[in-house]
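Asker: sequence first, then the predicted structure:
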Amino acid sequence: MSDAVLTAIRSSVLVVLPDIEPERVTEEVSLTDLGANSIDRVDVVTMTMDTLGISLSVTEFTDVHDIGSLARLLRRHTP
């Protein structure tokens, strides 16, 4: 994870799920795999969008199934 979007996602995950080892936050894993419940997932996405200065409608997240797909979606909307 070297780009700004992935760094922002990882930072948000580690705030919301502080017991997760940072190396577990990879593009292949889902937030659910990391133990995030629905509120945790919303918190991670909201914090990440705030960090990146973007806002998306919930309907845009229908194809997000793991951290990699979340990163690709957010990259498309990051200035």
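Answerer: Yep, it's here.
Asker: list the contacts of residue 9.
Answerer: 1, 25, 44, 48, 67, 70-71, 74 (Cβ atoms under 8 Å, 6 or more residues apart in numbering). C-beta coordinates here come from the backbone N, C-alpha and C atoms, glycine included.
Asker: for the residues you listed, which one is nearest residue 10?
Answerer: Nearest to residue 10 among the contacts of residue 9 is residue 25, at 4.7 Å by Cβ to Cβ.
Asker: re the thing from before, confidence-wise, which of the contacts of residue 9 comes last?
Answerer: By pLDDT, residue 1 ranks lowest within the contacts of residue 9, coming in at 44.
Asker: could you point out the longest helix of the protein?
Answerer: Criterion DSSP state H: the longest helix present in the chain is helix 38-52.
Asker: how about that helix as CSV, C-alpha atoms only?
Answerer: Only the C-alpha atoms of helix 38-52 are listed here, as CSV (Å, rounded to 0.1, in the frame of the first residue of the first chain):
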residue,chain,number,x,y,z
SER,A,38,-21.8,-2.6,9.4
ILE,A,39,-21.2,0.5,11.6
ASP,A,40,-17.5,0.0,11.5
ARG,A,41,-17.5,-0.3,7.7
VAL,A,42,-19.5,2.9,7.4
ASP,A,43,-17.1,4.6,9.8
VAL,A,44,-14.0,3.5,7.8
VAL,A,45,-15.5,4.7,4.5
THR,A,46,-16.7,8.0,6.0
MET,A,47,-13.4,8.7,7.6
THR,A,48,-11.5,7.8,4.5
MET,A,49,-13.7,10.1,2.3
ASP,A,50,-13.3,12.9,4.8
THR,A,51,-9.5,12.4,4.7
LEU,A,52,-9.5,12.5,0.9
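Asker: packing partners of it?
Answerer: Applying 3 or more Cβ pairs under 8 Å, 6 or more residues apart in numbering; DSSP states H and E, one finds that helix 38-52 contacts helix 4-16, helix 67-77.
Asker: rerun at 6 Å
Answerer: helix 4-16 (3 or more Cβ pairs under 6 Å, 6 or more residues apart in numbering; DSSP states H and E).
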